[in-house]
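>>> prediction below, plus the sequence it came from.
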Amino acid sequence: METSFFFNIFSVVSTCLIFGSSSASLLPTSPFLGIHPQEEGYFKSEVIKCKDGSKSFTRDRLNDGFCDCIDGTDEPGTSACPASKFYCKNVGNIPQVLFSSRVNDHFCDCCDGSDEYDRVINCPNTCFKDGKTLQKIDNNLIRPHLVSVDAREASGRMSLEDVIQKLKELKIVVVGEVVLMSCVMAFLLFRRRNRSGRRRRYR
């Protein structure tokens, strides 16, 4: 009888441990999983307000698998709240925002595999592979276009500067010619007056 009693206790304890370990695997490894890096400061206080202002929750209830906020503020990293959003960092690629219902749904949505942390399926990190492809596309298609636009703009600026410089030089030339012509005219007038003065003296 004692043996069966201890066996029952052992089976209950082992069941609890198995259930506890399986439920723990359903929770994020980091409490900030699914949170945008710029919003992590919002969740660092001991008591956190729901973003809709309805109530508050303690930090240990962040991503604990139970929905405390109607708007899903407390569960960005689990599928507990239908209204919550999961942020994929996707380092090396484009960040992404998912509905929390797609967390641990056995489909790889984030290229870094962060949305499937319960390890039921294997989601390899393909961000850098895809990132290289994006970078290659960006280098081959977008950058030459930008370079050509910049080159055209630079050549346009240079031609405009050349025109301005030429106008300045032309202005200097014109002013110089005007001054020279004025000097010549003044000299001719002075010379004519001198001649007319001499003629009057001789008369």
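Great, that's in hand.
>>> if I look at K129, how far off is C111?
Counting by CB to CB, to the nearest Å, the gap from K129 to C111 is 8 Å. Any C-beta I mention is one placed from the backbone N, CA and C, and that applies to glycine too.
>>> who's more crowded, these two?
Using other CB atoms under 10 Å as the criterion, K129 and C111 rank with C111 on top: 25 against 13.
>>> please save the CA atoms from stretch 119-130 in PDB.
C-alpha atoms of stretch 119-130 as PDB (Å, rounded to 0.1, in the frame of the first residue of the first chain):
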ATOM      1  CA  ARG A 119      10.800  24.500 -31.300                       C
ATOM      2  CA  VAL A 120       8.000  22.300 -32.600                       C
ATOM      3  CA  ILE A 121       9.400  23.200 -36.100                       C
ATOM      4  CA  ASN A 122      12.900  24.300 -37.000                       C
ATOM      5  CA  CYS A 123      13.100  27.800 -38.400                       C
ATOM      6  CA  PRO A 124      16.600  28.500 -39.600                       C
ATOM      7  CA  ASN A 125      17.800  32.100 -39.700                       C
ATOM      8  CA  THR A 126      17.700  33.100 -43.300                       C
ATOM      9  CA  CYS A 127      17.900  36.900 -42.700                       C
ATOM     10  CA  PHE A 128      21.500  37.300 -43.800                       C
ATOM     11  CA  LYS A 129      21.000  35.200 -46.900                       C
ATOM     12  CA  ASP A 130      17.900  37.200 -47.900                       C
END
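>>> give me the contact list for that stretch.
25, 90-93, 104, 106-108, 110-113, 115-116 (CB atoms under 8 Å, 6 or more residues apart in numbering).
>>> which parts of that stretch are buried?
C123, N125, T126, C127 (16 or more other CB atoms under 10 Å).
>>> quick one: mean pLDDT for that stretch?
The average pLDDT for stretch 119-130 rounds to 87.
>>> likewise stretch 180-192?
Stretch 180-192 comes out at a mean pLDDT of 83.
>>> repeat for stretch 90-108
93.
>>> please apply the same query to stretch 46-64.
What stretch 46-64 shows for mean pLDDT is 94.
>>> got the buried residues for it?
I48, C50, F57, R61, L62, N63, D64.
>>> about what we covered before: of the buried residues of stretch 119-130, which belong to helices?
C127 (DSSP state H).
>>> closest one of the buried residues of stretch 119-130 to C81?
Within the buried residues of stretch 119-130, proximity to C81 (CB to CB) peaks at C123, which comes in at 22.1 Å.
>>> hang on, the earlier thing: between the buried residues of stretch 119-130, which is closest to T78?
C123 (16.6 Å).
>>> next one, pLDDT for the closest residue to the closest one other than its chain neighbours please.
Counting by CB to CB, 6 or more residues apart in numbering, C123 lies nearest to G113, which is 3.0 Å off, once chain neighbours are set aside. As predicted, G113 sits at a pLDDT of 94.
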